[in-house]
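A.B. asks: Provided below are the primary sequence and the corresponding predicted coordinates.
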Amino acid sequence: MSSVRRPDAEAKVRGAVEYGADLAVPGMLWGALVLSPVAHATVRSVDLSAARALPSVVAVGAADVPHIAGASGDPERRPFPEREVVYRAQPLAAVAAPTLALAREAARAVRLELEPLPTVADVEAVFPEWPGPGGPGSPHVAAHVLARRGDVDRALAGATTVVAGTYRTAGVCQVALEPHACLAEAEDGRWKVRTSTQSPFGVREDVASLLGVPEASVEVEGTWVGGGFGGKGASLLEPYALLLARASGAPVRLALTYREEFLLGRSTLPMVVRMETGVRDGRIVARRVRLLLDVGASLPGRDFATGYSIGFLLGPYRTEVFEVEGYAVRTNKPPFGPHRAPLAPQAAFAVESHLAEVARAVGVDPETFRAQHLWATGGETPFRQVVGPFGLGEAFAAARARAAAWRAQRPDGHGVGVGLGFWSTNTGAGGEARLVLSGRELRIEQGEREIGSGSVSVGLATVAARRTGLPFERVRVVYAPTSEAPFDSGVYGSRTVGALGRAVDEAAVALLAEIGRRIGATGPVTLALDQDRLVARNDGRSTPVADLLTEDERASGGVRTVGRHYGVAPAIDESLVVDGSFYPFQDFTGAAHVAEVSVDPATGAVRLIRYAAFHDVGTVLDPAGARAQVEGGVVMGLGTALTEEAVWSDEGRLLSDGLVDYRLPRIGDVPPIEVTFVEGHAGAGPFGAKGLGEPPIVPVPATIAAAVRDAVGADLTELPLSAERVARAVKAPRPCGSGDAARPRGASGDRR
Amino acid sequence: MSGEPPALRVNGRAVALDDVPGDERLLDTLRWRLGLRGTKEGCRSGGCGACTVLVDGRGRLSCLALTRELEGSSVMTVEGAADDPVGRTVQEAFVQEGAAQCGYCTPGFVMAVTGLLRGRGDARPTSEVLRGLGGNLCRCTGYVAIARAVERARQELR
Amino acid sequence: MAPPELLTPTTEEGAVAELVATAPGTVAVLAGGTDLLLDLEERRLEPRRLLSLRRLPWNRHAWEGGGLTLGSTEPLSALEEDPQLPVRLPALAQGIAAVGSPALRLQATVGGNLGRSAPASDLTPVLLALDAEVELLGTAGARRMPVDRFLRASRETALGPGELIRSVRIPEDRPSSAYRWQRVRPAHDISQIGVAVAYAPRERRWGVSLGGAPPRPRLVPEAAAELHGPRPPEAEVAAASERLARDPALVSDRRASDEHRRRLAAVLCTRAVRAALSPPVAEPT
């Protein structure tokens, strides 16, 4: 596979790249947070006096945050709570000192008077039945969503077979290798912070809002990022570091330990989903989905997760009669936050497992059943959006062929399974890019940071190179603080190439047009490298770019053009929505994966033998980078599928607060992974590209569950597929058609 | 004990340890006392391998090494790897195979691989080298490109 | 608090003397540091002095007297590299290979592992099944005791004040031995079940130990009693496994049900005995 040499690779292998935790300036103070030891409590007092009495120590608490009119004592709109702690490790104060040891000592000296309150740590304890006490009006409910299309009860009554199943998935953590870290300065009403973040402009907005200061007074400079995976998409430490910087008059470095990352991280939380599907004549006639989502200490009314993920719970399958209802339930855990493809791997696990059960209940092979219902380009989603160019059908066909070949060879105790995943990239608020063309290089000025995938350092440059004709090596992506860089929402939702990339492409097209105008071009213009100078080529003529620059341009760097992409969100059919918000799909990308596993039936241990991933990518812009995304996403998905599980006590204490207990995949866990790209179903990105940061993780748990099921003949309904769950399933496999699995028509609506 | 204690050498240069407290980790000495921040701080508990350096030629977790215990030893960090023929080969292999994405785990992996391949290391099968990397975590690459880089480096060194 | 003073004595007598000279509870003994440094970081311990054993002549092992003497401060990686270990004491080779990671084994020591007495240690169940004895050194000289008596509970041993772990003695080669383990599920402590088995050729009896179930790894003589002679038949292996599975230490908690723990214990016991009866292999599975 041809590849470009990543421009940041050399520095990274030399350790010459500066991350948030590497920042250091003279006179810098070390910050530390004071974290609540209990998950739910009334705050009687937070006494900073003993900490402040220590030499050279500054301490800040709720009283030091500018009052924001209208804000209540909620956890997300203020850095420190005034009245109530709502999750364990919630920051109650922050201190800074000349050394880390002294800062930690000062943090310990802060006196907390907290009156414990009853703790909610389990959504099913709050909602033992559906719809639960108080329903949507309950104080435990952060959000309620409900949508209907057609008459589900009637359609289910008319089905020949109805299959119901309940699926539970665990919380998972991002665990980027690099913890959060930043360095802040505050002086004369100006707030400056250098931080490891996926979204410098997002941090700027958050900080301004949390500290009650104008955005224009805040400057954020992103550093290189040691992995984000959604965990660094919003601000976290910056407000505390800035408050300490203001209190001390000195630069303040604030970083989290690994344990604090686990305790404070906002990530995917547990989910319980009940699915009911009616079938007649081999076709799905109705679906009902009921979702209970743990959203931690999220504020009422501030929930993207439930309305967002519930769409994925219907899967990429045609469904004309449905009812979907979801509750975002508050618990005493940190607020729900985005992980890689938030909740999509869990949703795919539930959908794929459920539809396989449905298929078996009606005597149809699960792969065939899914293929019969799969969306096709131009078709209609359940919420009546038009399905854009969609290559999942082609990917699925290729996966099925691979699975058949592997099945034919598989030894006893091995299983082969196929899982599908659907993802929609997220345009975000949008972004701008500026291109600057000199006689020697093309520079891209933009507002993102490279977080690892190469979508910025390579992807944006590849788009500009491809559009203009320049070699990749002559296109340089530059990074700048928010005061200089053009606005961009940030790196998340797999949006960089599709959204910011489009802005780059637009600017490149404008650049070629401008160059063309200057050379009086007829027909297409391209740029090229000729003996170390950039030239404009048109109709057989070649003109050095340097000769085309004005005096001003020579002084200021070159010809400048701007591109913008703010996206237009397509719409769902809002008449289907009864309550809450549902999110339209902005793009349609899919993947079909195949796994071969071996299962030890005695212990339930699952081992990956080999894996194949088929991805609908539109157009491959950077083959090596694309392959790397799939490989990395698949392995992260292995963790979600098999070993990663955030475990809380009933008192809201995170028990899995380190690498020993929260087990990530290691090098010995990785099977051979075959990667195949399906091109030609053009996405919204430049040259038809589709985002690839998140799709690779989505099908993985579903695929492994299918393979395990093939090996042991038993259904698995919980993630992760721990050894105990697999072993238990082997001991008591549910025969199809009995018990919970299927009811003949005529049965009334069931309790969840 | 008479005479000067043997110095700690870091990337070939002697380092005075008089001011170093007894419980200071090599990781912190490197990053904050010597300004060598190429070695990354991860879990600080030996679980992630991001802090790996070479001590007397073998990969070692600098978060669990007390600097004062290393008197007389020779330390190589990622900043010194380019001056070592094996280190340089490993670095180039990582670049060629795209084995560095976010790059945070990269210095630890580069040093761990260098330690494993030095001496008789390149005669070992790749699978054995990969087993030796069981303590190094990566969250971005899925280890696939890293394994390719190891193989490439082994081939280059033969 | 001022950072602790680091002492690095060069003789055993000097080490014991330093230990005794320091007020009880204010000195921490440093072997490999893989546990101690975490205790310091998390402030579980705040000693005034660190007593490093690095320079003592305890960092080697010797095949002698028909068995193996392990110096307490030898890094596990050095033991791992001894080609005789998987042949003469396969259970020990397998237990060592299960500890941490290759990098951690460059520092971790037998003495440190024993002194920490973790319920989920991979080494201590093996040492129990091999009838190992620990040698302790104090001002009154050296004394020995079976590892079974030395271990009490998590972080609790029979180590007296002013005593150091000097060596571990495994009395004889036990080529028919094995260690098998499996993680139960991610949880707060390292949570797993481990089973070590070893046939004692001189006394013609088996040792079976169970690791991973608190409060500490234990010998289970009732299970061992089901195995007779150097090649017990399948029926005896099944009986021993079934008896081990009934051990009262295998309880339910949030990490795993008792049912799963018992299932694992039985399976691991069967596999351990079968492995013990097979020719030695280079790698544990």
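C.D. replies: Sure thing, it's come through.
A.B. asks: okay, CA-based contacts and neighbour counts for the rest of this
C.D. replies: Noted.
A.B. asks: who in the stretch 101-250 of chain C is up against chain B?
C.D. replies: Neighbours of chain B within the stretch 101-250 of chain C, by Cα under 8 Å from any Cα of the partner chain: C:Ser101, C:Pro102, C:Ala103, C:Leu104, C:Leu106.
A.B. asks: Now the fourth one: closest residue in space that isn't a chain neighbour?
C.D. replies: Distances taken as Cα to Cα, 6 or more residues apart in numbering or on different chains put B:Gly46 closest to C:Leu104, at 6.7 Å, once the chain neighbours are dropped.
A.B. asks: for chain B, which helix is longest?
C.D. replies: Longest helix in chain B by number of residues (criterion: DSSP state H): helix B:144-157.
A.B. asks: ok now do A:Ile704, which residues does it touch?
C.D. replies: A:Gly417, A:Val418, A:Gly419, A:Ala595, A:Glu596, A:Val597, A:Ala641 (Cα atoms under 8 Å, 6 or more residues apart in numbering or on different chains).
A.B. asks: what's the answer for A:Ala341, then?
C.D. replies: So A:Ala341 contacts A:Trp423, A:Gly493, A:Glu694, A:Pro695, A:Ile697, A:Val698 (Cα under 8 Å, 6+ apart).
A.B. asks: For the last one, give me the backbone phi and psi.
C.D. replies: It refers to A:Val698. For A:Val698, the backbone dihedrals are phi -60, psi -50 (criterion: degrees, to the nearest 10).
A.B. asks: Isn't it up against A:His339?
C.D. replies: No: if you go by Cα atoms under 8 Å, A:Val698 and A:His339 don't touch, sitting 11.4 Å apart.
A.B. asks: Have a look at those two and say which one is more surrounded.
C.D. replies: Comparing A:Val698 with A:His339 by neighbour count (other Cα atoms under 10 Å in any protein chain shown), the higher total belongs to A:Val698, at 32 against 25.
A.B. asks: Against chain B, how distant is the residue positioned nearest the centre of chain C?
C.D. replies: With distances taken as Cα atoms, centre = their mean, C:Thr124 lies nearest the centre of chain C, 2.2 Å away. For C:Thr124, the distance to chain B equals 21 Å [Cα to the nearest Cα, to the nearest Å].
A.B. asks: what do you get for A:Glu276?
C.D. replies: For A:Glu276 relative to chain B (Cα to the nearest Cα), the value is 36 Å.
A.B. asks: remind me which residues of the stretch 201-350 of chain A are low pLDDT?
C.D. replies: Along the stretch 201-350 of chain A, segments meeting pLDDT under 70 span A:302.
A.B. asks: For it, which segments are assigned as helices?
C.D. replies: For the stretch 201-350 of chain A, the helices defined by DSSP state H, counting those that start in this stretch cover A:238-248, A:258-264, A:305-312, A:344-361.
A.B. asks: So the second one, near chain B or not?
C.D. replies: Yes: under the criterion of Cα under 8 Å from any Cα, chain B is reached by helix A:258-264 at A:Tyr258, A:Arg259.
A.B. asks: now what about that helix, what contacts it?
C.D. replies: Residues contacting helix A:258-264 (Cα under 8 Å, 6+ apart): A:88-90, A:173, A:175, A:179-180, A:334, A:654, A:656-658, B:42-44.
A.B. asks: Which of those residues sits closest to A:Asn538?
C.D. replies: A:Asn538 lies nearest to A:His180 out of the contacts of helix A:258-264, by Cα to Cα, at 49.4 Å.
A.B. asks: Report the residue ranges of every domain in the chain.
C.D. replies: The chain I'm using is chain A. As assigned by automatic domain parsing, chain A contains the domains A:11-35+A:40-118+A:180-255, A:143-172+A:267-425+A:575-744, A:431-565.
A.B. asks: that answer is for a different chain, and I need it for chain C
C.D. replies: With automatic domain parsing as the reference, chain C has domains C:5-52, C:61-170, C:177-277.
A.B. asks: From what I see, C:Arg169 and C:Leu136 are in contact.
C.D. replies: No: using Cα under 8 Å, C:Arg169 makes no contact with C:Leu136, being 11.1 Å away.
A.B. asks: and the residue nearest to the centre of chain C, what pLDDT?
C.D. replies: Listed pLDDT for C:Thr124 reads 96.
A.B. asks: What are the contacting residues of the strand or helix carrying it?
C.D. replies: Under the criterion of DSSP states H and E, C:Thr124 resides in helix C:123-129. Helix C:123-129 has contacts (Cα under 8 Å, 6+ apart) with C:91-92, C:95-96, C:99, C:110, C:113-114, C:117, C:147-148, C:170, C:179, C:194-198, C:207-211, C:217-219.
A.B. asks: what's the closest non-adjacent residue to the residue in chain B that chain A sits nearest to?
C.D. replies: At 3.5 Å from chain A, B:Cys102 is the closest residue in chain B, using Cα to the nearest Cα. Nearest residue to B:Cys102, sequence neighbours excluded (Cα to Cα, 6+ apart): A:Gly452, at 3.5 Å.
A.B. asks: Close to chain A as well: tell me which of the contacts of helix C:123-129 qualify.
C.D. replies: Restricting those to those near chain A - Cα under 8 Å from any Cα - leaves none.
A.B. asks: What about these, which are in strands?
C.D. replies: C:170, C:179, C:194-198, C:207-211, C:218-219 (DSSP state E).
A.B. asks: and of the residues you listed, the nearest to chain A?
C.D. replies: C:Gly194 (12.7 Å).
A.B. asks: so which strand or helix has A:Ala433?
C.D. replies: Element membership for A:Ala433, per DSSP H and E: strand A:431-437.
A.B. asks: how close does whichever residue of the stretch 601-750 of chain A sits closest to chain B get to B:Gly135?
C.D. replies: Nearest residue of the stretch 601-750 of chain A to chain B, counting by Cα to the nearest Cα: A:Gly632, 4.1 Å away. In this structure, A:Gly632 and B:Gly135 are 18 Å apart, going by Cα to Cα, to the nearest Å.
A.B. asks: before we move on, back to that, could you dump the residues of the stretch 101-250 of chain C next to chain B into a markdown table and include neighbour count and pLDDT?
C.D. replies: Compiled in a markdown table, these are given as follows (neighbours: other Cα atoms under 10 Å in any protein chain shown; pLDDT from 0 to 100):
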| residue | neighbour count | pLDDT |
| --- | --- | --- |
| C:Ser101 | 22 | 89 |
| C:Pro102 | 22 | 90 |
| C:Ala103 | 23 | 91 |
| C:Leu104 | 24 | 93 |
| C:Leu106 | 20 | 92 |
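A.B. asks: if we can go back for a sec, with the contacts of A:Ile704 in mind, which one is nearest to chain C?
C.D. replies: A:Ala641 (13.0 Å).
A.B. asks: Tell me who's in contact with that closest one.
C.D. replies: Per Cα under 8 Å, 6+ apart, neighbours of A:Ala641: A:Val700, A:Pro701, A:Ala702, A:Ile704, A:Ala705, A:Leu719, A:Pro720, A:Leu721.
A.B. asks: nearest to A:Gly379, of those residues?
C.D. replies: For these, the nearest to A:Gly379 is A:Ala702 (24.1 Å; Cα to Cα).
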